[in-house]
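Asker: Provided below for reference: sequence and predicted model.
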Amino acid sequence: MALSSLESDWAWLPRNLLNSILDKVASSPFDLVRFGVVCKPWRTVEIEYIQEKRRMKGQGNQVPMLLIPTKYKSKRARSLYSLTEQKIYHCKLRMPYNKRCCGSSFGWLSFVTDTFSITLFNPLKNMKIHLPQLTKIKEPIYLILNYQYSVYKLTLSSDPAKTPTNCLVVAIYGSYNKLAFMKLGAESWTYVDEELNILFSDILFFKGQVLALGHHSGLVSIDVNSNEIKILVPNDLEYAIQTYLVETCSGDLLLVRRFFDPNNRYSSSQSLTGSFKVYKFVLDDESGQVLDRVEVKTIGDNALFLGDNYSISVLATESPGCQPNSIYYTDDYIDTKPYYPDGAVDMGIFNLLDGSIQQHYKPKSSIKRMPPPIWIMLRL
């Protein structure tokens, strides 16, 4: 039999054999993805396998993996850390730049270039999308030299590979954390009211709304058709080093506030996270208006994944290795120096029940000059 015929036969292995392989690798998100990239027939089998597991057993909830520097500090590749397996995959995912990621949504990473334009990159598909320059970035010289910090965060409304004409991109940019948005394929950005006195920190696409949150917990909605801003909650809480918006698995809208502990320092130059506070927004079902904001002491079975990524919530009971009522966070308070004297070390798991913190991934000191880790959802 010719070699080409042998190669093509791999695509048509018996379904029961492929399912047996999937049973062996199902515990590892990365191995599942590797199975699906072999060929289109295998990808079809993988999708049907996952759907069947979710339907029959309530399993298959995908957990983010941590994109980390490689063992040998490659400038053009990254490894993955599996939270559920507590294992590093030395897979050498190719990267277009050796820079901080300013966003991670639907498996797509975001990078700022030295011209203040944005590159979206999917490491599994090896696809790039180049976005226009953010022309309103006017930074002091120390920020221009460290341009990768000129975009605080960037999020996508959907997977650009699946919805190339309907994907909305929203960025928090500049020294004063202003907002800009564009539809994929547009030639320029639309800039939101620059006089708005809110230092923005996070963005969430929630039930048809585009929501943006500030460090003082001010919450606004953005009408991307008219470029109008509606203030839902004013700036009425003390400053937090980071604030996040998260949609829980049951559809609730949460505000998460992160605080340093002044008595807990990694070094003389770097404080560490000491606590989080979580609030639930009570919304009017018809208008979407915020009726109340209530502090909560538990998020139940939810596990939250926060950082420079689009905020993610998973159910711990459907995600082996995840702790319920917990916040998994990365070191995203990195401002203008690559990347502190000590590197990205402020990462951990915060338990809302007792306020304890434990580590999930401990970076080696040898990689402290490498870009900080970020959560990524592996999607084809």
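Answerer: Perfect, thanks for sending it. Numbers count the residues shown, from 1 in each chain.

Asker: give me the most central residue, the chain.
Answerer: N309 (2.0 Å; C-alpha atoms, centre = their mean).

Asker: contacting residues for that residue?
Answerer: Neighbour list for N309: P64, G103, S104, S105, T330, I374, W375, I376 [criterion: C-beta atoms under 8 Å, 6 or more residues apart in numbering]. The C-beta positions use only the backbone N, C-alpha and C, and glycine is treated the same way.

Asker: mind putting those residues in TSV, neighbour count and distance to F121 included?
Answerer: Shown next, in TSV, are the contacts of N309 (neighbours: other C-beta atoms under 10 Å; distance: C-beta to C-beta, whole Å):
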residue	neighbour count	distance to F121
P64	23	17
G103	26	11
S104	25	10
S105	25	12
T330	23	19
I374	24	12
W375	23	16
I376	26	11
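
Asker: the stretch 51-200 of the chain: strands as residue ranges?
Answerer: 65-69, 77-82, 87-94, 103-105, 108-112, 117-122, 127-133, 151-156, 168-173, 178-183, 190-191, 200-206 (DSSP state E, counting those that start in this stretch).

Asker: compare those strands and say which comes out lowest on pLDDT.
Answerer: Note on the strands of the stretch 51-200 of the chain: strand 87-94 shows the lowest mean pLDDT, a mean of 85.

Asker: gap between it and the chain center?
Answerer: Chain-centre distance of strand 87-94: 18 Å, with C-alpha atoms, centre = their mean, to the nearest Å.

Asker: show me what it is packed up against.
Answerer: strand 65-69, strand 77-82 (3 or more C-beta pairs under 8 Å, 6 or more residues apart in numbering; DSSP states H and E).

Asker: make it 6 Å
Answerer: In terms of contacts (3 or more C-beta pairs under 6 Å, 6 or more residues apart in numbering; DSSP states H and E), strand 87-94 is packed against strand 77-82.

Asker: now the strand it packs on, how far from the centre of its chain.
Answerer: Distance, centroid of strand 77-82 to centroid of chain: 15 Å (C-alpha atoms, centre = their mean).

Asker: other SSEs contacting it?
Answerer: strand 65-69, strand 87-94.

Asker: go with 7 Å
Answerer: For strand 77-82, the packing partners by 3 or more C-beta pairs under 7 Å, 6 or more residues apart in numbering; DSSP states H and E come out as helix 29-36, strand 65-69, strand 87-94.

Asker: rewinding a little: can I get the strands of the stretch 51-200 of the chain in a markdown table including distance to L291?
Answerer: Shown next, in a markdown table, are these (distance: least, C-beta to C-beta, whole Å):
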| stretch | distance to L291 |
| --- | --- |
| strand 65-69 | 37 |
| strand 77-82 | 40 |
| strand 87-94 | 44 |
| strand 103-105 | 29 |
| strand 108-112 | 34 |
| strand 117-122 | 36 |
| strand 127-133 | 36 |
| strand 151-156 | 25 |
| strand 168-173 | 25 |
| strand 178-183 | 24 |
| strand 190-191 | 30 |
| strand 200-206 | 15 |
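
Asker: what's the closest non-adjacent residue to the residue nearest to the centre of the chain?
Answerer: Spatially, and ignoring its direct neighbours in sequence, N309 is nearest to S104 (3.9 Å; C-beta to C-beta, 6 or more residues apart in numbering).

Asker: okay, and the beta partners of that neighbour?
Answerer: Judged by DSSP bridges, the bridge partners of S104 are L109.

Asker: could you report the distance from it to K277?
Answerer: 24 Å (C-beta to C-beta, to the nearest Å).

Asker: mind pulling the model confidence for the residue nearest to the centre of the chain?
Answerer: pLDDT, N309: 96.

Asker: what about it, helix or strand, and which?
Answerer: Using DSSP states H and E, N309 falls within no helix or strand.

Asker: could we number from 12 for the rest of this?
Answerer: Got it, the first residue is 12 from now on, which makes the last one we talked about N320.

Asker: isn't P382 up against R111?
Answerer: Yes. With contact defined as C-beta atoms under 7 Å, P382 reaches R111; the gap is 4.7 Å.

Asker: flag the shaky bits of the stretch 212-361 of the chain, pLDDT-wise.
Answerer: Counting by pLDDT under 70, the stretch 212-361 of the chain shows low-confidence ranges at 276-280, 345-352.

Asker: thought L224 was touching D213?
Answerer: Yes. L224 is in contact with D213 according to C-beta under 7 Å; the separation is 4.6 Å.

Asker: count the neighbours of the residue lying closest to P335 once chain neighbours are set aside for me.
Answerer: Nearest residue to P335, sequence neighbours excluded (C-beta to C-beta, 6+ apart): A327, at 3.8 Å. Using other C-beta atoms under 10 Å, the number of residues around A327 comes to 20.

Asker: tell me who's in contact with A327.
Answerer: Going by C-beta atoms under 7 Å, 6 or more residues apart in numbering, A327 touches D312, A314, C333, Q334, P335.
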